[in-house]
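Colleague: From the sequence below, what's the structure:
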Amino acid sequence: MIDVAIRTRTVAANGLSFTVDEAGEGDSVALCLHGFPESRIAWRHQLPHLASLGWRAAAPDMRGYGESSRPKGVKAYRVQHLIDDAVALFDALGAKRRLLISHDWGGVIAWALAAKRATPLDGLVVMNAPHPAVYRRAFTSSLKQPLKSWYIAFFQLPGLPEASLRRNNAAAVTKSFTANVSDPSVFEAGVLETFRDNILKPGAATAMINYYRANGGVIWDRTLDRPIDVPTLLVWGEKDFALDLSLTEGNEPYVKDFTLARIPGASHWVQQEAAAQVNAALRNWMKLKGLA
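Modeller: Residues are numbered from 1 along each chain as shown. Model (predicted):
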C-alpha cells in the first residue's frame, strides 16, 4: 500500500462549493469523477497511487452529492452543467496538465467533455461507462441492455425512487454494493455507511436521481460521436450487473487512441473491488502514454 496522505478541503467552482479529497502536489491534476450512488471516497484507493505517479489527484463529491452544493431542480443536473463543473474544478485547482478519470455517471460526463473538447486533456480514463454511441447501439439493437437498464425508467417516476432508496435506512443502497461483489469486505469500515448517510441527507436522493431525469437525451446526441483525440483508457469490470460486456466493443471509431483493460471477476464497482488491478492498469497505461 502506498503511504500518501489524503486531505479534504472545500473548492469553489462554477458557482458551487465542492468538497474534495486530494493527494499529491503540483499543477498536474488528475480529476476523479465518481458515479451513482457513490461519493468522493470511491477513489480512496486511487488517489495515493496517482500521487505516487506524479499527479495531484482530486476527487470531489459531485454536485448534489455528499457535502457539495445541492442545487434544486432537474435542469440543474443537465450534462452541460456537469461538464462545466469539471472544467471549473480543473481551473480552480490550477491545472496545467489535465488527466480526467471517471466511473459510471462520472464516465458519462467525461465522455461528453472529451467529445465536446470542453477543456484540453492530456488523458482520459473511463471505468464501467460506455461511450454514448456504443450504448445507443446496444440499447437499440436488442432487448438485452434495455432490460439491464430497467432502473433508468423507474428513476423517471416522481417521488417513488427516492422513497425506495431511503427506505429502511437506505438498505437498497448498501445492498447495491454488497450484493454485486464477490467479497463485500472490500468496502472497509465506514465506506458503506458514508454512501448510506449521503443519500439520507435532505434533498440528496432527489439530486442524485436527477442525473437520470435530466439526461435521457445524452445517448441520442450525435455531436458526441466526433472522435476523441486524447489517449483514452477504458477499464471494465467484467461482472457488471447493469452494463453488458459487449459495451466494451466498437469504441474505436469514436476514440483515436483507445486502450481497453478488462478486469475479470470484478463488478461494476471496479475501482473499489479490484483496486490493485485497476491501479496496475492505470500505471501501465500512463507510463505507455508518457503520463507517468
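Colleague: where does the stretch 51-200 of the chain have low pLDDT?
Modeller: Along the stretch 51-200 of the chain, the model assigns pLDDT under 70 to no residue.
Colleague: which residues of it fall in helices?
Modeller: Taking DSSP state H, counting those that start in this stretch, the helices of the stretch 51-200 of the chain run over residues 79-92, 105-116, 132-141, 144-148, 150-154, 160-178, 191-200.
Colleague: ok and the first one relative to helix 132-141, angle-wise?
Modeller: So the one you mean is helix 79-92. On the basis of axes from the mean of the first three to the mean of the last three C-alpha atoms, to 10 degrees, helix 79-92 is oriented at 160 degrees to helix 132-141.
Colleague: Ok, the longest one next?
Modeller: In this structure, helix 160-178 runs at an angle of 110 degrees to helix 132-141, with the same axes, to 10 degrees as the basis.
Colleague: could you give the angle of helix 160-178 to helix 191-200?
Modeller: 170 degrees.
Colleague: So which of the helices of the stretch 51-200 of the chain is the most surrounded?
Modeller: Ranked by mean neighbour count, these are led by helix 105-116 with a mean of 25 (mean count of other C-beta atoms under 10 Å). Any C-beta I mention is one placed from the backbone N, CA and C, and that applies to glycine too.
Colleague: With just CA atoms, put that helix into CSV.
Modeller: Taking Å, rounded to 0.1, in the frame of the first residue of the first chain, the C-alpha atoms of helix 105-116 are listed here in CSV:
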residue,chain,number,x,y,z
TRP,A,105,-22.0,8.7,-14.2
GLY,A,106,-18.7,10.4,-13.9
GLY,A,107,-17.9,8.5,-17.1
VAL,A,108,-20.9,9.9,-18.9
ILE,A,109,-19.7,13.3,-18.1
ALA,A,110,-16.1,12.5,-19.1
TRP,A,111,-17.1,11.1,-22.5
ALA,A,112,-19.2,14.2,-23.2
LEU,A,113,-16.5,16.6,-22.0
ALA,A,114,-13.8,15.0,-24.2
ALA,A,115,-16.1,14.8,-27.3
LYS,A,116,-17.0,18.5,-26.9
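Colleague: now what about it, what contacts it?
Modeller: 32-36, 62, 79, 82-83, 86-87, 100-102, 119, 121, 124-132, 211, 215, 218, 221, 223-226, 228, 230, 232, 254 (C-beta atoms under 8 Å, 6 or more residues apart in numbering).
Colleague: State the number of residues packed around Arg262.
Modeller: 15 (other C-beta atoms under 10 Å).
Colleague: again with Gly290
Modeller: 9.
Colleague: Could you confirm it falls within a strand?
Modeller: No: applying DSSP: H, G, I helix; E, B strand; the rest coil, one finds Gly290 to be coil, outside a strand.
Colleague: Could you measure from it over to Ala95?
Modeller: Distance, Gly290 to Ala95, using C-beta to C-beta, to the nearest Å: 17 Å.
Colleague: Please produce TSV containing the helices of the stretch 51-200 of the chain, extended by distance to Pro184.
Modeller: What follows is those, written out as TSV (distance: least, C-beta to C-beta, whole Å):
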stretch	distance to Pro184
helix 79-92	30
helix 105-116	22
helix 132-141	28
helix 144-148	22
helix 150-154	21
helix 160-178	4
helix 191-200	8
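Colleague: Thank you kindly, that will do.
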